[in-house]
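J.: I'd like to go over a predicted model; first the sequence, then the structure.
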Amino acid sequence: MGAVTFETLAFGKTVEEAFSKAVEDARNMHGHGGYTGTIAEKDTFEVIPECEHKDRQKRTVARELIEEGDKRIQSKRGPSGVINCSGTIEAKRYRERKDLKGKHGDVWLFFGWASR
């Protein structure tokens, strides 16, 4: 099977909660059969430290890590990468779209390679 890249935002009180929600949402949208090319194929994640993305566009950093073949996220069978997006314009818009204003938690960007 091949692999494709994915990017998805999710909200949670913890990164673990956000990851679980993102995986479940992807399974509901794309089925439970596997090889969806989404975060549904992942069972772990690797948090990218703030020092690597501070004051930078989060999606740009994610795409650079994918393009560079960063060892933490290069495998379609390995972990998803994840960056905390809270405080960004994209996170604010996500919270508004999902009616999350005033709720405690963070917006996370999950990204990487997935089986397709």
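T.: In hand now; what should we look at?

J.: The nearest residue to residue 53 once chain neighbours are set aside in helix, strand or coil?
T.: Distances taken as C-beta to C-beta, 6 or more residues apart in numbering place residue 61 nearest to residue 53, at 4.3 Å, with adjacent residues excluded. In short, each C-beta sits where N, CA and C put it, glycine included. Three-state assignment for residue 61 (DSSP: H, G, I helix; E, B strand; the rest coil): helix.

J.: wait, what's in contact with residue 61?
T.: By C-beta atoms under 8 Å, 6 or more residues apart in numbering, residue 61 lies in contact with 48, 52-53, 83.

J.: now the helices: where do they sit in this protein?
T.: 15-30, 58-68, 89-97 (DSSP state H).

J.: wait, which of those is closest to residue 4?
T.: helix 58-68 (10.6 Å; C-beta to C-beta).

J.: Could I have the CA atoms of the closest one written out in PDB?
T.: Provided in PDB are the C-alpha atoms of helix 58-68 (Å, rounded to 0.1, in the frame of the first residue of the first chain):
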ATOM      1  CA  LYS A  58       2.500  25.900  12.400                       C
ATOM      2  CA  ARG A  59       1.300  24.300   9.100                       C
ATOM      3  CA  THR A  60       4.600  25.600   7.400                       C
ATOM      4  CA  VAL A  61       6.600  23.800  10.100                       C
ATOM      5  CA  ALA A  62       4.600  20.600   9.800                       C
ATOM      6  CA  ARG A  63       5.000  20.600   6.000                       C
ATOM      7  CA  GLU A  64       8.700  21.200   6.300                       C
ATOM      8  CA  LEU A  65       9.100  18.300   8.700                       C
ATOM      9  CA  ILE A  66       7.200  16.100   6.200                       C
ATOM     10  CA  GLU A  67       9.200  17.300   3.200                       C
ATOM     11  CA  GLU A  68      12.500  16.900   5.100                       C
END
